[in-house]
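Enquirer: With the input below, show me the fold.
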Amino acid sequence: MTTVEVRKLPTQVAVHLGRELIALAGEPGAVLPSEQEICTRYGVSRTVAREAMQLLAGLDLVRISSGRRMELRPPQEWNYLHPLLLDMLDPVEVRHLLVELHDVRLMIEPVVAARAACVIGPDQLHRLEATLEAMRALESEPDRYLERDLEFHAHICAVIGNRVLDRILHACRWLLMASRRVTNRLWDSLASVTDEHRAIYRALAAHDPQAAEAAMRAHLASNARAWSLPPEQIAAVLEPAAQSVRERVASSVDTPMRKGGSDEVIEADR
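Expert: Coordinates of the predicted model:
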């Protein structure tokens, strides 16, 4: 039996039900529970069941049609950038997603660094340098270092002023956070990571696009070592990362409901 943290009741139901539906993805013709069956199984009202189903539909996990049972959508259509879906996937699948995220970063960030080197101004360089100093001071505190690490890369992307890119990175923020937690926690020292960021900064300050692109690519290549480590070692880091995501989502999206609403915690088999 697993007890989930206190969240709004529809979210609790959606997470438990979502985990079960994901497990059915490889079973052709699987029959998904009806609204009434969800009510009976979890002891919730029809309103709560409907809200949970809508949450799953919002993740593109299921398709809802009036008067019919939910239909499970193909895995390639699921919204893998939503933190609630990350909470439903097993650690091995999350690891695969982080590897794919790394591939996307390799496609985008070196090019962004090169373009930023051509247009970056004194104020933007000052912000990057201040972030670097904060990173150096936090090398013994991986969780706090993570925030500055994300800030450094966000500053570089902001230099080129591309609103579409900004929204893409915003949509990926939960995956980026989980990825950084893995890479930042697996190294014996974060000093070398800070040095890699300083090499990027120096290339930007020199307005050298080729050097900026090469420095960013070298940094990402260094991070790639994390994904060649034994799966059990990565999973040991991913669970605290997943817990952090759950806490952030719970605090920013869900607030506990009073009984009669209800604030009871669901217990269900994983």
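Enquirer: Just the helices from the chain, written as ranges.
Expert: Using DSSP state H, the helices of the chain run over 9-23, 35-42, 46-58, 83-88, 91-119, 122-137, 142-159, 163-171, 173-186, 191-205, 209-223, 231-252.
Enquirer: Now mean neighbour count, mean pLDDT and distance to residue 68 too, for the ones you listed, in TSV please.
Expert: In this view, the C-beta of every residue, glycine as well, is placed from N, C-alpha and C. Shown next, in TSV, are those (neighbours: other C-beta atoms under 10 Å; pLDDT from 0 to 100; distance: least, C-beta to C-beta, whole Å):
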stretch	mean neighbour count	mean pLDDT	distance to residue 68
helix 9-23	21	93	16
helix 35-42	16	93	10
helix 46-58	18	95	12
helix 83-88	21	87	23
helix 91-119	17	92	28
helix 122-137	15	97	52
helix 142-159	18	93	43
helix 163-171	12	91	30
helix 173-186	20	81	32
helix 191-205	18	96	51
helix 209-223	19	95	45
helix 231-252	16	58	30
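Enquirer: nearest to residue 74, of these?
Expert: Closest approach to residue 74 among the helices of the chain (C-beta to C-beta): helix 9-23, 12.2 Å.
Enquirer: Could you list every helix and strand in contact with the closest one?
Expert: Contacts defined by 3 or more C-beta pairs under 8 Å, 6 or more residues apart in numbering; DSSP states H and E place helix 9-23 against helix 35-42, helix 46-58, helix 83-88.
Enquirer: would you turn those into a markdown table with distance to residue 70?
Expert: Converted to a markdown table, the helices and strands packed on helix 9-23 look like this (distance: least, C-beta to C-beta, whole Å):
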| stretch | distance to residue 70 |
| --- | --- |
| helix 35-42 | 9 |
| helix 46-58 | 6 |
| helix 83-88 | 15 |
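Enquirer: which residues sit against stretch 186-204?
Expert: 113, 116-117, 120, 125, 128-129, 132, 135-136, 138-140, 142, 145, 149, 152, 156, 183-184, 211-212, 214-216, 218-219, 222, 226, 229, 233-234, 237 (C-beta atoms under 8 Å, 6 or more residues apart in numbering).
Enquirer: Keeping just the C-alphas, turn it into CSV.
Expert: What follows is stretch 186-204, C-alpha atoms only, in CSV (Å, rounded to 0.1, in the frame of the first residue of the first chain):
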residue,chain,number,x,y,z
LEU,A,186,26.5,12.3,-9.4
TRP,A,187,29.8,14.1,-9.6
ASP,A,188,32.2,14.1,-6.7
SER,A,189,32.7,17.8,-7.0
LEU,A,190,30.7,20.6,-8.7
ALA,A,191,33.9,22.7,-9.2
SER,A,192,34.5,21.2,-12.6
VAL,A,193,30.9,21.9,-13.6
THR,A,194,31.4,25.5,-12.6
ASP,A,195,34.6,25.6,-14.7
GLU,A,196,32.7,24.4,-17.7
HIS,A,197,30.2,27.2,-17.2
ARG,A,198,33.0,29.7,-16.9
ALA,A,199,34.5,28.5,-20.2
ILE,A,200,31.1,29.3,-21.8
TYR,A,201,31.1,32.7,-20.1
ARG,A,202,34.6,33.6,-21.4
ALA,A,203,33.6,32.7,-25.0
LEU,A,204,30.5,34.9,-24.7
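Enquirer: gap between that stretch and the chain center?
Expert: Offset of stretch 186-204 from its chain centre (C-alpha atoms, centre = their mean, to the nearest Å): 22 Å.
Enquirer: Report the contact partners of the closest residue to residue 38 other than its chain neighbours.
Expert: With C-beta to C-beta, 6 or more residues apart in numbering as the criterion, residue 38 has its nearest non-adjacent residue at 4.2 Å, and that residue is residue 49. Listed by C-beta under 8 Å, 6+ apart, the contact set of residue 49 reads 13, 35-36, 38-39, 42.
Enquirer: hang on, the earlier thing: could the helices of the chain go into TSV alongside distance to residue 65?
Expert: Compiled in TSV, the helices of the chain are given as follows (distance: least, C-beta to C-beta, whole Å):
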stretch	distance to residue 65
helix 9-23	16
helix 35-42	12
helix 46-58	10
helix 83-88	21
helix 91-119	27
helix 122-137	49
helix 142-159	40
helix 163-171	27
helix 173-186	29
helix 191-205	49
helix 209-223	43
helix 231-252	28
